[in-house]
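Colleague: No letters, just coordinates:
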């Protein structure tokens, strides 16, 4: 016996099928929109990550994150704007050049002060973190000064602590001083860098100097290598037993205002600097 299907039953079946198709289409559209939204978000994230990567791998640039954190470039890789000779009104006419995006001392071959002399950035800083990269030539010597004062008739090192730059393998200073306190990263002639992790000649070393209310930290290639405290009894005792003992300006580094200039040393050897930036604390 054949079962008779009513017209109302057919209509109901068709309506249910149409509803299922509508729901399925809505889900597909929703998934498409979700995928599109996810894709757009990934594009934004990728762009941001690309910018950070470029800033991290391209010299003399600040990422958006660094800008937000308050970092300031002291060298853009193209000009010497902001820099001048120590006790000078302008940048040295010889002895310093820009080479492949780096600020370079042209070695004079004398083993001491070269043709250009030391340079400073023309702004004083008090509490700060200074970050830069350097590489040295064979047998080379240089340094990074901080809290320097300009004192007529006196070289910069009579007032400023120095983070040493050196070819530890060839320069005799590496074996002089005491316990390696003239090797790269050290507080020159006072506190040795530990661990001693400087990279070989021709390779870039990333370093930083943090100064905050008298606390000073040298960082070299990702490790803290020196820590000390200015103006304390321990500082005074350490200076008393050193070659700096007669330099009152060195003992009172930063002067009465506890601030000073950032300086780069011309010691007569080829040395390169880049990615020079600072954040005031």
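Modeller: Yep, that arrived. Here the structure is a predicted model, which is why all the values come from computation and not from measurement. Residues are numbered from 1 along each chain as shown.
Colleague: contacts and neighbour counts: CA atoms only from here.
Modeller: Will do.
Colleague: quick one: contacts for the residue nearest to residue 94 when sequence neighbours are not counted?
Modeller: Nearest residue to residue 94 in three dimensions, chain neighbours excluded: residue 116, at 5.4 Å (C-alpha to C-alpha, 6 or more residues apart in numbering). Residue 116 makes contacts with 85, 92-96, 105, 266, as judged by C-alpha atoms under 8 Å, 6 or more residues apart in numbering.
Colleague: if we go to 7 Å?
Modeller: Counting by C-alpha atoms under 7 Å, 6 or more residues apart in numbering, residue 116 touches 92, 94-96, 266.
Colleague: Buried subset of those residues as a PyMOL selection?
Modeller: Here is the PyMOL selection string for the buried members of the contacts of residue 116, based on 16 or more other C-alpha atoms under 10 Å:
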select buried, resi 92+95+96+266
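Colleague: mind putting the contacts of residue 116 in CSV, distance to residue 198 and pLDDT included?
Modeller: Conversion of the contacts of residue 116 to CSV gives the following (distance: C-alpha to C-alpha, whole Å; pLDDT from 0 to 100):
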residue, distance to residue 198, pLDDT
92, 29, 97
94, 29, 94
95, 25, 95
96, 24, 97
266, 20, 96
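Colleague: The contacts of residue 116 in strands, which ones?
Modeller: residue 96 (DSSP state E).
Colleague: My guess is residue 253 contacts residue 159. True?
Modeller: Yes. Judged on C-alpha atoms under 7 Å, residue 253 makes contact with residue 159 at a distance of 5.8 Å.
Colleague: what are the ranges of the strands in the chain?
Modeller: For the chain, the strands defined by DSSP E occupy 71-73, 83-85, 96-99, 102-105, 119-121, 128-136, 141-148, 162-166, 205-212, 215-220, 223-229, 261-264, 271-280.
Colleague: Let me have those strands in a markdown table, adding distance to residue 179 as columns.
Modeller: Compiled in a markdown table, these are given as follows (distance: least, C-alpha to C-alpha, whole Å):
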| stretch | distance to residue 179 |
| --- | --- |
| strand 71-73 | 35 |
| strand 83-85 | 33 |
| strand 96-99 | 32 |
| strand 102-105 | 28 |
| strand 119-121 | 29 |
| strand 128-136 | 22 |
| strand 141-148 | 18 |
| strand 162-166 | 14 |
| strand 205-212 | 21 |
| strand 215-220 | 17 |
| strand 223-229 | 13 |
| strand 261-264 | 24 |
| strand 271-280 | 25 |
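Colleague: Can you show me the helices along the stretch 1-150 of the chain?
Modeller: Counting by DSSP state H, counting those that start in this stretch, the stretch 1-150 of the chain has helices at residues 7-57, 64-69.
Colleague: returning to what we had before: from the contacts of residue 116, which is closest to residue 237?
Modeller: Checking these against residue 237 by C-alpha to C-alpha gives residue 266 as the nearest, at 29.4 Å.
Colleague: Just list the residues touching the closest one, thanks.
Modeller: By C-alpha under 7 Å, 6+ apart, the contact list for residue 266 reads 105, 113-114, 116-118, 142.
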